[in-house]
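Student: Give the three-dimensional model of this entry:
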Amino acid sequence: MAEIHPEKLSERLQAGEDGLLVLDIRHEEEYDDWHIPDSVNVDVYDQLTDNPTAATDALGDLPDETEIVTVCTAGVVSQTATDVLQELGYDAETLTDGMNGWSRVHRHAPVPVDFDDTLIQVARPGKGCLSHVLISDGEAVAFDPSQYLEEYEAILDDYNAELVGVLDTHAHADHVSGAAELAERHGVPYYLHPKDALAIDATPVEDGQTVPVGQLDIEVIHTPGHSEGSVSFDVDGAALITGDTLFHESVGRVELGVEAGIEDADVEGNAATLYESLQRLLDRSDDTVVLPAHDPGSPEPPVSSTLGEVREQNGDLRRGREEFVRELASDVPDHPPNFERVKRTNVGQESVPADELAELELGPNNCAAE
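Tutor: Numbers count the residues shown, from 1 in each chain. This next block holds a predicted model:
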């Protein structure tokens, strides 16, 4: 069976190789919802499932002298597509585990920040998730890590750094946090605001508190609205790790905790709270680097903008309080897949078997207001 692993495909796409075509054979609506950037959709899923020879005409129109990587959700039906393409004379292979595998890909790169220490951004292009590792004087902390802890262990090894803490900006709704497990593995504190640590063992953080790492102090800024326990982290006045409170071109949505049944709040009240939280971030220097927990595209690290740039490009920040509350409370985009269970898992109210965690978070990220 001809296969290519997701990490290898990621490397080749990053390198911009010519003559490589990623062919997604899923239904058009699934492709539109979530796909690998620059891939091509030929909706022959039903034909490949029912009668593979019926897909021959559609697949036979693909360009010659091209290496084709076929994609479906789990890499099963796309293997049938690869078989058909090979019979037609194409050089074809299947993406191992399909979009499920693509969801596990991580990339990382240093963030240019105005201090002498190192800040690494870890991006998941298949999820749009961003996490960070700060390293100072041989010590490190991780912010918003995914459940794939080997990515963070590798960074610690590369920089010969000792992990001294793990921090979540909030209880996420779109992906399963690996923060508690990473902290337990290293015997260090897991920091989470009490309003989000509903049934999970975490070291509480509060507004104005500082968390030391090496020669740096990380200031905790309580910025509720997206969730009641959302916080942002000011790193030495040079970087703001904003979670899902402030994105580069949007802000966090305000109804997920309410609809998941874990917040005793209303959407309009959350929107008003978020508006006030944002004002606390906007009084920082324009040179401060803004680092959210998500990017709506397929992020290539480092994804960063200065606060001055965010002021210019983020239309939500130009709204008055009344308009801001009205728009966020009324314009509700599609929910992240399984967001209720993901949210309950991250606050400690639901225990999901380890072999189900990866499937639980599959799908696009939808934590920004639109």
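
Student: secondary structure element for the spatially closest residue to residue 328 that is not a sequence neighbour?
Tutor: Sequence neighbours aside, residue 271 is the residue nearest to residue 328 in space, at 4.1 Å (criterion: Cβ to Cβ, 6 or more residues apart in numbering). C-beta: built from backbone N, CA, C; applies to glycine. For residue 271, the enclosing helix or strand under DSSP states H and E is helix 267-282.

Student: how about low-confidence regions in this structure?
Tutor: 1, 256-264, 332-336, 363-370 (pLDDT under 70).

Student: In terms of residue numbering, what are the domains of it?
Tutor: For the chain, automatic domain parsing gives the domain ranges 3-102, 106-360.

Student: helices or strands up against the helix holding residue 271?
Tutor: strand 216-222, helix 256-259, helix 307-313, helix 321-330 (3 or more Cβ pairs under 8 Å, 6 or more residues apart in numbering; DSSP states H and E).

Student: and with 6 Å instead?
Tutor: helix 321-330 (3 or more Cβ pairs under 6 Å, 6 or more residues apart in numbering; DSSP states H and E).

Student: Just checking the distance from whichever helix or strand comes after the helix it packs on to the centre of its chain.
Tutor: Per DSSP H and E, the first helix or strand lying C-terminal to helix 321-330 is helix 339-347. Chain-centre distance of helix 339-347: 15 Å, with Cα atoms, centre = their mean, to the nearest Å.

Student: just checking, what packs against the helix or strand hosting residue 23?
Tutor: Assessed by DSSP H and E, residue 23 sits inside strand 20-24. Where contact means 3+ Cβ pairs under 6 Å, 6+ apart, strand 20-24 is packed against strand 67-71.

Student: hmm, try it at 8 Å
Tutor: helix 6-14, strand 40-41, strand 67-71.

Student: Run through who's touching the shortest one.
Tutor: Contacts with strand 40-41, where a contact means Cβ atoms under 8 Å, 6 or more residues apart in numbering, come from 21, 22, 23, 24, 25, 26, 28, 31, 35.

Student: which non-adjacent residue is nearest residue 137?
Tutor: residue 214 (3.4 Å).

Student: Let me see the contact set for the residue most central in space within the chain.
Tutor: The residue lying closest to the centre of the chain (Cα atoms, centre = their mean) is residue 129, at 1.2 Å. Residue 129 is in contact with 123, 144, 146, 174, 175, 293, 294, 365, counting by Cβ under 8 Å, 6+ apart.

Student: Could you export those to CSV, including columns for neighbour count, distance to residue 69 and secondary structure?
Tutor: Listed next are the contacts of residue 129 as CSV, based on neighbours: other Cβ atoms under 10 Å; distance: Cβ to Cβ, whole Å; DSSP: H, G, I helix; E, B strand; the rest coil:
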residue, neighbour count, distance to residue 69, secondary structure
123, 23, 21, strand
144, 27, 30, coil
146, 24, 24, strand
174, 25, 26, coil
175, 28, 25, coil
293, 27, 29, coil
294, 28, 26, strand
365, 26, 23, coil
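
Student: Return the residues in contact with residue 25.
Tutor: 41, 42, 43, 44, 45, 48, 70, 71, 72, 77, 78, 81.

Student: 10 Å instead, please
Tutor: 31, 40-48, 55, 58-59, 70-72, 77-78, 80-82, 84, 98 (Cβ atoms under 10 Å, 6 or more residues apart in numbering).

Student: try residue 277
Tutor: When contacts are counted by Cβ under 10 Å, 6+ apart, residue 277 touches 221-226, 230-232, 242, 245-246, 251-252.

Student: quick one: the helices in this protein?
Tutor: In the chain, helices defined by DSSP state H lie at 6-14, 28-33, 45-50, 56-59, 77-87, 98-103, 150-158, 179-186, 256-259, 267-282, 307-313, 321-330, 339-347, 354-360, listed in chain order.

Student: Adding distance to residue 199, write those out as a markdown table.
Tutor: Shown next, in a markdown table, are those (distance: least, Cβ to Cβ, whole Å):
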| stretch | distance to residue 199 |
| --- | --- |
| helix 6-14 | 34 |
| helix 28-33 | 32 |
| helix 45-50 | 40 |
| helix 56-59 | 50 |
| helix 77-87 | 39 |
| helix 98-103 | 27 |
| helix 150-158 | 24 |
| helix 179-186 | 12 |
| helix 256-259 | 14 |
| helix 267-282 | 21 |
| helix 307-313 | 34 |
| helix 321-330 | 28 |
| helix 339-347 | 6 |
| helix 354-360 | 17 |
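
Student: Figure out which of these is closest to residue 194.
Tutor: Taking Cβ to Cβ, helix 339-347 is the member of those nearest to residue 194, at 10.9 Å.

Student: what's that closest one packed up against?
Tutor: In terms of contacts (3 or more Cβ pairs under 10 Å, 6 or more residues apart in numbering; DSSP states H and E), helix 339-347 is packed against helix 256-259, helix 354-360.

Student: Kindly check the end-to-end length of stretch 45-59 for me.
Tutor: Counting by Cα to Cα, to the nearest Å, you get 11 Å between the two ends of stretch 45-59.

Student: Which residues are in contact with the residue nearest to residue 328?
Tutor: Per Cβ under 10 Å, 6+ apart, neighbours of residue 271: 225, 251, 253-255, 321, 324-330, 369.
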